[in-house]
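Colleague: Predicted model and sequence follow; I will ask about them next.
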Amino acid sequence: MLNLVDAHHHVWHSAAHPQPWLDKPALAVLRRPFTVRDLRLATIGVGITRTVLVQAVASAAETEQLLGVADPLVAGVVGWADLESPSLDLSRFEGTRLVGLRHSEPDPAWLCRPAIRRGLRAVAAAGLTFDLLIRPDQFAAALATVRAVPELTFVLDHLGNPRGDVELWASGLRELAAEPNVVAKLSGLITAAPRPQWTLAELRPYVGVALEAFGPARLMYGSDWPVCLLAGTYADTFSAADQLTAHLTGPERADLFAGTAQRVYGLPGD
């Protein structure tokens, strides 16, 4: 039995931390509170032993709430902080479960802003990682920033949200993978499929490119629960990742489903 780590999931309560993106009619299934207890119920039979809880709102208050989740299943938290603040101080998180930060903006070039890069250097100095939540049209800015801040480990969420031209996405992914301070999450797979009635065959090319570009030692499994509920259950999500990587060796699967997340995020051992 693999020691399974889910390196990417969320919890939220919209009444406490509003999320306007959930107002779209197609996202109605997500417009309710989701807790770690709900996650435990969803993962029955899968065998997840530890998780990384990821921010959903650009809010310091939400990050504090996530750090206060009293459940041993959550081994680490990727939170949010104002990277552009000249008074950014991450020292107060020392000794907490904060393992990284995440931030995103629609501007294709936001990562190139001097103030953002200054903040990213502060993230590195604090011993944290940075999750990249980007689209393919933001790959160029991400690549330039990854090279400009080589001391920081960047974690590419959801394989960079592949959309549109597969070859264009694959080319950008390979460029990012060539940088030694970038790893990626095999997450958000089933919601990235071109239609709700997805098949493994539709997902296989994306996983194949990611495995070739990063290798299992620089990839980590993440469910993106509860967002994955838009396209299937938690079990569906894990099963897809499991089947699409079934050809890997035992040590390679151990990396992808636990080891990479443990090393990159510095998660405590069993």
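Modeller: That came in fine, so what should we check first? Just so it is clear, the model here is predicted, and its values are computed rather than measured. Residues are numbered from 1 along each chain as shown.
Colleague: which residues sit in contact with residue 259?
Modeller: Contacts for residue 259 (Cβ atoms under 8 Å, 6 or more residues apart in numbering) come out as residue 217. No exception for glycine: its C-beta is placed from N, CA and C like everyone else's.
Colleague: please redo it, this time with the cut-off set to 10 Å
Modeller: 3, 5, 216, 217, 220, 251, 252, 253 (Cβ atoms under 10 Å, 6 or more residues apart in numbering).
Colleague: same check, this time on residue 190
Modeller: 196, 198, 200, 202-203, 223-224, 227-233, 236-237, 239-241.
Colleague: Excluding chain neighbours, what is closest to it?
Modeller: Leaving out its chain neighbours, the residue that sits closest to residue 190 by Cβ to Cβ, 6 or more residues apart in numbering is residue 231, at 4.1 Å.
Colleague: so who does the closest residue to residue 96 other than its chain neighbours touch?
Modeller: Leaving out its chain neighbours, the residue that sits closest to residue 96 by Cβ to Cβ, 6+ apart is residue 67, at 5.4 Å. Residues near residue 67 by Cβ under 10 Å, 6+ apart: 53, 74, 77, 79, 93, 96, 97, 98.
Colleague: Who is the first one paired with across the strands?
Modeller: When you say that, I think you mean residue 53. Residue 53 has these beta-bridge partners by DSSP bridges: residue 9, residue 77.
Colleague: what's the burial count for it?
Modeller: Neighbours of residue 53 under the rule other Cβ atoms under 10 Å: 25.
Colleague: ok, it - contacts?
Modeller: Residue 53 neighbours (Cβ under 10 Å, 6+ apart): 6, 8-11, 36, 39, 66-67, 69, 71, 73-79, 97, 99.
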